[in-house]
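Chemist: 3D model of this:
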Amino acid sequence: MSRSTLLLLQLLVAVVALAVWQFLTTVPVFGKILLPPFFFSNPIDVGSQIVKWFSSGVIWKHLIITLWESILAFVIGSVAGVLVGFWFARQPRVAAVFDPYVKMINALPRVVLAPIFTLWLGLGIWSKVALGVTLVFFIVFFNVYQGVKEVSNTVLDNGRMLGMNERQLMRHVYWPSALSWMFSSLHTSVGFAVVGAVVGEYLGSAAGLGYLIQQAEGVFDVAGVFAGMFVLSAFVILIDFGVTLVERRLLVWRPTAAEGRG
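Modeler: Residues are numbered from 1 along each chain as shown. Down below sits the predicted model:
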């Protein structure tokens, strides 16, 4: 399937979904509106709200704050996850000692941690960043750890036979093996970094997309809530696109599916 065909089909899905939503919230079916606009709004009202936010400039402040919180959470959580994942994979004894504690911390509900971070770090951006880091870290950590552990012993033995030291093995064997796993986790982590920032804003802040959504919800502005979610979704897609560009640059050596079949 060509890139243009794929993009066309993706846009078609969005158009059909919006059309069905608009139909069910505005056109009576058997004498009844199936999706009451008070509870579900409609695409036209949501689109109008988004245009109003951007044309008035009111959303830029909130967008920049959420962007900054998400980027910090994503970078800090990803770097920490990569470093600790490599360390645990290369030090089995350390991994065995900390294994129950890692599982215990990972099992903690993040919503429970949000008020604690707010208490420790205040209502500023760092409480939101901390919440995002707890979401991003474990996703990256487990993938990098597994990626390094999956390195073939045969490849390692061949490398040692060729005279590679541990530093060269890390650069030419372990790192390439972990990259695919790492970028797979980063695509997931993008959304979780934003979720952490927005949930933190929703629970306590004076700015950000989460704050904007919470304010709209407080006055039963369903169009505002959906508008905030759509802006948030577009926001995540843009960041994920940036991760894809970096992935293509660093994994240029990896064969494509077409090359693999050939």
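Chemist: all contacts plus neighbour counts: C-alpha atoms, from now on.
Modeler: Will do.
Chemist: mind listing the helices in the stretch 101-250 of the chain by residue range?
Modeler: 110-121, 125-149, 153-161, 166-169, 175-203, 209-218, 222-250 (DSSP state H, counting those that start in this stretch).
Chemist: and the shortest one, how far out from the chain's middle?
Modeler: Distance of helix 166-169 from the chain centroid (Cα atoms, centre = their mean, to the nearest Å) equals 32 Å.
Chemist: Neighbours of I33, how many?
Modeler: Using other Cα atoms under 10 Å, I33 is surrounded by 14 other residues.
Chemist: who touches it in this structure?
Modeler: The contact partners of I33, taken as Cα atoms under 8 Å, 6 or more residues apart in numbering, are 24-27.
Chemist: Which ones among those residues map onto helices?
Modeler: Among the contacts of I33, the subset assigned to helices under DSSP state H consists of 24-26.
Chemist: which of the residues you listed tops the neighbour count?
Modeler: Within these, most neighbours by other Cα under 10 Å means T25, with 21 neighbours.
Chemist: from memory it sits against F38, does it?
Modeler: No - T25 is not in contact with F38 according to Cα atoms under 8 Å; the separation is 9.3 Å.
Chemist: about what we covered before: any chance of the helices of the stretch 101-250 of the chain in TSV, with mean neighbour count, distance to R93 and mean pLDDT too?
Modeler: Listed next are the helices of the stretch 101-250 of the chain as TSV, based on neighbours: other Cα atoms under 10 Å; distance: least, Cα to Cα, whole Å; pLDDT from 0 to 100:
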stretch	mean neighbour count	distance to R93	mean pLDDT
helix 110-121	15	28	85
helix 125-149	25	14	89
helix 153-161	12	19	72
helix 166-169	13	18	74
helix 175-203	23	20	82
helix 209-218	21	42	88
helix 222-250	17	31	84
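Chemist: can you tell me which of those helices comes nearest to I76?
Modeler: Set against I76 and scored by Cα to Cα, the helices of the stretch 101-250 of the chain come closest in helix 125-149, at 6.5 Å.
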